[in-house]
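# From the sequence below, what's the structure:
(one chain, ligands or ions: 1)
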Amino acid sequence: MVSRRSGAEPFKIKAVELVGITTREQREEILKRAGYLQFRIPSEYVYIDLMTDSGTGAMSDSQWAGVMMGDEAYAGSRSFFHLEETVRDIYGYRYVIPTHQGRAAENILMLAQTKPGSYVLGNMFFDTTVAHIEHKQCLGEEFMIPEGLDTGSAHPFKGNVDVQRMEDFIKMRGADSVSMIIITVTCNNNGGQPVSMRNIREVSAVARRHGIPLFFDSARFTENCYFIKKREPGYQDKSLPEIAREMFSYGDGATCSAKKCALVNIGGFLALNSRDLYDRCLEYLVLFEGYATYGGLAGRDLEAMSRGLREGLAGPYLEDRIGQVAYLAGELEAAGARVVKPAGGHAVYVDCKKTVPHLGMDQFPADALGVALYLDSGVRTVGLGTLAFGKKDAATGDWMPPDLELLRLAIPRRVYTDRHMDAVADSMASVLRNPAQIRGLRLVKETPRLRHFLSVLDLA
Ligand code: F0G
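Below is the predicted model of the structure:
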């Protein structure tokens with residue numbers, strides 16, 4: 001039994017949206033029609049949607065008021081200048097380029113900064129970052145510390161870079177062959193795990209020693225700042241904006257998917273210090289997104305993003321937010337799931353190799369547990385394991401699974417209460433009470449790429 005959290009949400013509810021209530025028989029039918037793929041389930045049939053924390057948050061009354069105040073001028077929009085001022089204030093970078101979402105900022109930065117055949121180094125890249133690295137014919141190299149890949153390790157900063165290994169690589173291949181370093185804060189792919197200020201400082205020293213530019217993937221930077229304040233000696237008495245300023249001061253710029261910590265449903269940006277790089281990025285911005293002061297967004301989106309960025313860095317909000325993730329992690333563990341520890345900033349990740357060991361990797365355990373959970377209660381999650389990242393041996397047809405087989409339960413920001421979390425945990429407990437009933441999955445129709453978005457499955 002997990003004890004309830006003290007205090008209450010630091011907001012009250014002004015508008016409500018009804019959730020989908022279905023019966024088990026309906027969900028059986030819905031799953032069949034969806035080819036057992038959660039992405040194909042219409043959201044009206046989802047009770048609690050933990051598929052992603054991206055673009056699914058609730059905006060505040062101030063942000064909605066900002067929507068009405070949005071300046072829709074094609075050029076020189078007032079809302080752009082508000083965003084520019086906010087980003088300069090929080091990040092400390094001079095130039096701000098709005099984009100329609102995070103991956104567009106990644107595209108523009110990499111087009112302007114990489115050379116084909118060069119390396120991009122980092123802790124662990126998100127999928128779209130990997131795709132953009134490959135699209136620019138570059139090679140991505142990840143230097144995560146070993147604890148970052150150990151789901152049982154209690155290391156407080158499991159997003160940290162193995163600095164020595166990264167520097168050895170730079171010395172071996174030559175600094176000229178490295179286009180940039182990207183630190184992802186927090187690191188999504190291993191559990192929303194933070195990077196310490198000390199580690200960022202050390203990576204920055206390596207980058208500067210070798211003349212390599214350093215960027216942040218700052219999709220979840222406010223959550224990273226909160227972990228630094230809570231866990232890193234010397235930061236307890238610093239304010240969150242001070243921590244953010246110091247963190248970004250060690251780099252040359254950042255991409256941001258504002259759909260996460262900046263609390264908007266759509267939006268992103270690129271922030272930079274170099275005028276030369278900014279000028280090169282602008283050409284690609286105009287080509288792919290739009291003019292310099294809107295970048296593929298409406299003025300109202302820019303206004304909401306500017307306000308959301310400040311709200312996302314507020315202490316009471318972050319304490320509640322990260323507390324809710326930890327609360328769900330504790331409840332799921334009590335329900336019999338083995339979760340990645342410590343709980344991260346935006347999601348709870350269930351280690352499916354340990355939680356449903358009776359399923360072989362060829363039965364896609366993470367997705368199978370997700371299907372069982374949806375069938376039980378209508379809770380939607382996302383599998384991050386063999387189906388998404390595994391490779392099939394062309395000669396033998398055997399699956400080569402990735403290191404981790406995880407089911408992600410990502411919590412949208414300011415959307416669900418702890419009672420929703422209780423309902424998720426109750427459902428997990430009912431599913432795991434009889435694990436033999438959790439059926440594996442098999443592929444009926446396979447696509448060469450983006451398998452976890454496009455394939456068709458059936459119960460094994
Ligand atoms: N970087 C990180 C760390 C992300 O998690 C994401 C998106 C992106 C970049 C790309 O941003 O979606 O705005 O283009 N993550 C979502 C998720 C999709 O569900 O984790 P985007």
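# where does the stretch 201-350 of the chain come near the ligand, residue by residue?
D217, A219, S257, K259, G268 (C-beta under 6 Å from any ligand atom). All C-beta atoms are positioned from the backbone trio N, CA, C, and that covers glycine.
# 5 Å instead, please
Counting by C-beta under 5 Å from any ligand atom, the positions of the stretch 201-350 of the chain adjacent to the ligand are D217, A219, S257, K259.
# Which residue is the nearest non-sequential neighbour of the third one?
The shortest distance from S257 to any residue that is not its chain neighbour, by C-beta to C-beta, 6 or more residues apart in numbering, is 2.5 Å, and that residue is G102.
# and of the residues of the stretch 201-350 of the chain next to the ligand, the nearest to the ligand?
The nearest member of those to the ligand, counting by C-beta to the nearest ligand atom, is S257 at 3.2 Å.
# what's the spacing between H210 and the ligand?
Using C-beta to the nearest ligand atom, to the nearest Å, we find H210 at a distance of 25 Å from the ligand.
# Equivalent analysis for A131, please.
Per C-beta to the nearest ligand atom, A131 is found 10 Å from the ligand.
# For the ligand, what is the nearest residue in the stretch 1-150 of the chain?
For the stretch 1-150 of the chain, the residue positioned closest to the ligand under C-beta to the nearest ligand atom is G102, at a distance of 2.6 Å.
# can you pull out the helices in the stretch 101-250 of the chain?
For the stretch 101-250 of the chain, helices defined by DSSP state H, counting those that start in this stretch occupy the ranges 102-113, 127-135, 163-173, 197-209, 221-231, 240-249.
# List the strands paired with the helix or strand just after the last one, with their directions.
This points to helix 240-249. Using DSSP states H and E, the next helix or strand after helix 240-249 towards the C-terminus is strand 253-257. Sheet pairing here is set by DSSP bridges, and for strand 253-257 it gives strand 214-217 (parallel), strand 268-272 (antiparallel).
# Provide a list of residues in contact with the closest residue to G330 other than its chain neighbours.
In space, not counting the residues next to it along the chain, G330 is nearest to V2; the distance is 4.3 Å by C-beta to C-beta, 6+ apart. Each residue near V2 by C-beta atoms under 8 Å, 6 or more residues apart in numbering is listed here: Y327, G330, E331, A334, A425.
# which among those end up buried?
Burial by neighbour count, 16 or more other C-beta atoms under 10 Å: within those this picks out Y327, G330, E331, A425.
# My guess is the third one contacts A425. True?
Yes: counting by C-beta atoms under 8 Å, E331 touches A425, with 3.6 Å between them.
# Counting residues, what is the longest helix that this protein contains?
Across the chain, the longest stretch assigned as helix under DSSP state H is helix 315-334.
# Can you spell out which helices and strands pack onto that helix?
Applying 3 or more C-beta pairs under 8 Å, 6 or more residues apart in numbering; DSSP states H and E, we find helix 315-334 packed against helix 221-231, strand 347-351, helix 418-432.
# The ones you listed into TSV, with extra columns for mean pLDDT and distance to D403?
As requested, the helices and strands packed on helix 315-334 are arranged in TSV below (pLDDT from 0 to 100; distance: least, C-beta to C-beta, whole Å):
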stretch	mean pLDDT	distance to D403
helix 221-231	98	23
strand 347-351	97	11
helix 418-432	98	23
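# Go through these and pick out the most buried.
The densest packing among the helices and strands packed on helix 315-334, expressed as mean neighbour count by mean count of other C-beta atoms under 10 Å, is seen in strand 347-351 with a mean of 28.
# follow-up on the earlier one: compare the helices of the stretch 101-250 of the chain and say which comes out lowest on pLDDT.
When the helices of the stretch 101-250 of the chain are compared by mean pLDDT, helix 127-135 comes last with a mean of 92.
# who's in contact with that helix?
Contacts to helix 127-135, defined as C-beta under 8 Å, 6+ apart, come from residues 102-103, 106-107, 110, 114, 120, 122, 125, 139-140, 182, 184, 189, 217.
# same thing with stretch 331-338?
If you take C-beta under 8 Å, 6+ apart as the criterion, stretch 331-338 is touched by 1-2, 151, 339, 348, 350-351, 354-355, 409, 421-422, 424-426, 428-429, 432-433.
# mean confidence for it?
Mean pLDDT, taken over the full extent of stretch 331-338, equals 97.
# what about the spatially most central residue of the chain, distance to the ligand?
With distances taken as C-alpha atoms, centre = their mean, the chain has N188 as the residue nearest its mean C-alpha position (4.5 Å). When distance is defined by C-beta to the nearest ligand atom, N188 is 4 Å away from the ligand.
# Leaving out the residues flanking it, which one is nearest to that residue?
Here the residue nearest N188, using C-beta to C-beta, 6+ apart, is F126, at 5.3 Å.
# Just the pLDDT at that neighbour, thanks.
Checking the pLDDT column for F126, the value is 91.
# and it, how many neighbours?
Each residue near F126 was counted by other C-beta atoms under 10 Å, and the total is 20.
# can I assume it is in contact with T186?
No: with contact defined as C-beta under 8 Å, F126 does not reach T186; the gap is 10.8 Å.
# Can you name the residues that contact Q193?
The neighbourhood of Q193, defined by C-beta under 8 Å, 6+ apart, consists of G148, F157, K158, G159, T186, C187, G344.
# try 7 Å
By C-beta atoms under 7 Å, 6 or more residues apart in numbering, Q193 lies in contact with G148, K158, G159, T186, C187, G344.
# picking that back up, buried residues in the longest helix of the chain?
The neighbour-count check on helix 315-334 (16+ other C-beta under 10 Å) flags 317-318, 320-333 as buried.
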